[in-house]
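J.: fold the following for me, if possible:
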Amino acid sequence: MDIIGKVIRIDLDVYVINIENTNKIITAKARGNVKKQGSIVVGDRVNIKKVNKDYMIESVIDRKNILIRPPVSNIDQMIIVVSVGEPAPDFILLDKQLSLCFAKGITPIICINKIDLVKEDKKAKEDLEYIKKIYGNLGIEIVFVSAKECLGLDDLKSLLINKTSAFSGNSGVGKSSITKEILQNLPDRLEIGNIGIKTKRGKHTTKSVNLYSISENSYILDTPGFSSYELYDIDHKKLKEYYPEFTNSNCTFADCVHVIESDKVCGVKRNVLNGNIDKGRYERYVYIYEKLKEKYDKRYK
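T.: Residues are numbered from 1 along each chain as shown. Predicted structure coming up:
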């Protein structure tokens, strides 16, 4: 009888797997035919059989999604951490990460950290209101926390139940402090067969991709990769599909990309002019579109 598990770490050709619905951790190797079909990545759900005393991966179950950098699959939601105060929100990075989520079928959640600064900092308050207005109106869930003051963390933790969640955020926003708080009740060391795996939480020296089980069937991803400014395998022509506010803009032409066309034929541009679409977010869309197109144009040079 096959066992189903989730790959939580890969050490060379040894796969560390959490058995589904048990939180039992084992190590396994992959059969040759599985390796030939393609790489196994962290996050994969796999069918396993026990052969004598060893476990073997028989097959990889169809993935919900897969990302290139970092190589990880089956992400349910991305917790995008932004701070109000210092550093100020990086809205270009935020919009890129939202586009990635929408392209890959990942539910985005915006986590605003350092809300303890809002009362004292006028700019922080303005940024907070902007995020609530622009992104909240897109239907994106927003959670408010202060890692320093331990505010709102229970609300955030409740969103992680029965999900595989990735955390993203640029340097200084408090992502490390938040994930450290979530991981604090895990054992400092997980003994897996003859392999000792240190969680290294708070140090952030690891370059490997790790999934940590915080409760049964609930995982968080520990990797610096989602802080990247790069968007991989997203077609510049399809970028518009990942902006919910562009829907039903009634452009004259179906292939309108909302950049080179005039407002006479582009409904998105008209909606920007009349205030129905935020001008700043549209301008960031144009910037991201042009960067993706530039990358596309250079692909064979």
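J.: output the below-cut-off pLDDT ranges for the stretch 201-301 of the chain.
T.: For the stretch 201-301 of the chain, residues meeting the criterion pLDDT under 70 lie at 201-207, 222-229, 301.
J.: one more time with 90, if that's ok
T.: In the predicted model of the stretch 201-301 of the chain, residues 201-210, 212-217, 221-234, 248, 295-301 satisfy pLDDT under 90.
J.: what are the ranges of the helices in it?
T.: 267-273, 279-297 (DSSP state H, counting those that start in this stretch).
J.: can you redo the ones you listed as CSV with mean neighbour count and distance to residue 39?
T.: The C-beta positions use only the backbone N, C-alpha and C, and glycine is treated the same way. What follows is these, written out as CSV (neighbours: other C-beta atoms under 10 Å; distance: least, C-beta to C-beta, whole Å):
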stretch, mean neighbour count, distance to residue 39
helix 267-273, 19, 39
helix 279-297, 16, 24
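J.: which one of those lies nearest to residue 14?
T.: Residue 14 lies closest, by C-beta to C-beta, to one member of these: helix 279-297, at 35.7 Å.
J.: residue 85 is nearest to which of the helices of the stretch 201-301 of the chain?
T.: Going by C-beta to C-beta, the one of the helices of the stretch 201-301 of the chain nearest residue 85 is helix 279-297, 19.3 Å.
J.: any chance you could list what contacts the closest one?
T.: 91-92, 95-96, 99, 134, 231, 234-236, 239-240, 243, 245, 257-259, 268, 272 (C-beta atoms under 8 Å, 6 or more residues apart in numbering).
J.: repeat the analysis, applying 7 Å as the threshold.
T.: The contact list for helix 279-297 (C-beta atoms under 7 Å, 6 or more residues apart in numbering) reads 91-92, 95-96, 134, 231, 234, 236, 239, 243, 257, 259, 272.
J.: could I have the buried ones of these as ChimeraX selection syntax?
T.: A single ChimeraX command is used to select the members of the contacts of helix 279-297 judged buried by 16 or more other C-beta atoms under 10 Å:
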select :91,95,96,134,231,234,236,239,243,257,259,272
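J.: of the contacts of helix 279-297, which is the nearest to residue 124?
T.: residue 91 (14.4 Å).
J.: buried stuff in stretch 98-111?
T.: So for stretch 98-111, counting by 16+ other C-beta under 10 Å, buried means 98-104, 106-111.
J.: now, which of those residues lie within helices?
T.: 98, 99, 100, 101, 102, 103, 104 (DSSP state H).
J.: gap between the third one and residue 157?
T.: Residue 100 is 24 Å from residue 157, where distance means C-beta to C-beta, to the nearest Å.
J.: ditto for the fourth one
T.: In this structure, residue 101 and residue 157 are 20 Å apart, going by C-beta to C-beta.
J.: okay, the ones in helices among the buried residues of stretch 98-111 in CSV with pLDDT next?
T.: Converted to CSV, those look like this (pLDDT from 0 to 100):
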residue, pLDDT
98, 95
99, 95
100, 93
101, 94
102, 95
103, 94
104, 94
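J.: turn these into JSON lines, including distance to residue 173.
T.: Below are these laid out as JSON lines (distance: C-beta to C-beta, whole Å):
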{"residue": "98", "distance to residue 173": "16"}
{"residue": "99", "distance to residue 173": "19"}
{"residue": "100", "distance to residue 173": "17"}
{"residue": "101", "distance to residue 173": "17"}
{"residue": "102", "distance to residue 173": "21"}
{"residue": "103", "distance to residue 173": "23"}
{"residue": "104", "distance to residue 173": "22"}
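J.: before we move on, the earlier item: out of the helices of the stretch 201-301 of the chain, nearest to residue 28?
T.: Using C-beta to C-beta, the nearest of these to residue 28 is helix 279-297, at 37.8 Å.
J.: residue 273 reaches residue 266, doesn't it?
T.: No: contact criterion C-beta atoms under 7 Å: residue 273 and residue 266 do not qualify, at 10.1 Å.
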